[in-house]
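> fold the following, please.
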Amino acid sequence: MSPPAACQEAREELIACLLRTDCVLKSGKTPTECLHHPQELPLQCQHLIARFADCKKGMLDMRRRFRGNHLSETAKAAARGEMLNQGAVDIIPDRNPNEDSRR
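Model (predicted):
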């Protein structure tokens, strides 16, 4: 059984972070074993653990279930069967669109 789409992105980011840690790479432990000692993990992984736990708690909280678990834009698009544009967006904030660009 696959995990719900609401927490899938957070789960994948957590796994990717754990796989890059010294705990896995140098000590040869599994990511699950490394989760038993979160204080030894990098701060980024600790934040991802908290994010994933909050997402899972949100699935049980009736107020959040009623209002929605605040899916990420990627998860919302995946649930609708759409693909988001993953390309880079070029934004030039100082440029006025009414200004002539040939100057």
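> which intervals of this structure have sub-threshold pLDDT?
1-4, 64-103 (pLDDT under 70).
> rerun at 80
1-6, 61-103 (pLDDT under 80).
> what about the longest helix in it?
In the chain, taking DSSP state H as the definition, the longest helix is helix 43-60.
> C-alpha coordinates for that one, PDB please?
The C-alpha coordinates for helix 43-60 follow below in PDB (Å, rounded to 0.1, in the frame of the first residue of the first chain):
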ATOM      1  CA  LEU A  43      19.800  20.200  10.900                       C
ATOM      2  CA  GLN A  44      18.200  20.000   7.400                       C
ATOM      3  CA  CYS A  45      17.200  16.300   8.100                       C
ATOM      4  CA  GLN A  46      15.900  17.200  11.500                       C
ATOM      5  CA  HIS A  47      13.600  19.800   9.900                       C
ATOM      6  CA  LEU A  48      12.400  17.300   7.300                       C
ATOM      7  CA  ILE A  49      11.700  14.800  10.100                       C
ATOM      8  CA  ALA A  50       9.500  17.500  11.900                       C
ATOM      9  CA  ARG A  51       7.800  18.300   8.600                       C
ATOM     10  CA  PHE A  52       7.000  14.700   7.800                       C
ATOM     11  CA  ALA A  53       5.700  14.100  11.400                       C
ATOM     12  CA  ASP A  54       3.600  17.200  11.200                       C
ATOM     13  CA  CYS A  55       2.100  16.000   7.900                       C
ATOM     14  CA  LYS A  56       1.300  12.600   9.400                       C
ATOM     15  CA  LYS A  57      -0.300  14.300  12.500                       C
ATOM     16  CA  GLY A  58      -2.300  16.500  10.200                       C
ATOM     17  CA  MET A  59      -3.900  13.400   8.600                       C
ATOM     18  CA  LEU A  60      -5.400  12.500  12.000                       C
END
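> so which bits of that helix are buried?
Buried residues in helix 43-60, counted by 16 or more other C-beta atoms under 10 Å: 45, 48, 49, 51, 52, 55, 56, 58. Where you see a C-beta, it was placed from the backbone N, CA and C, and this is true even at glycine.
> between the residues you listed, which sits nearest residue 31?
residue 45 (9.6 Å; C-beta to C-beta).
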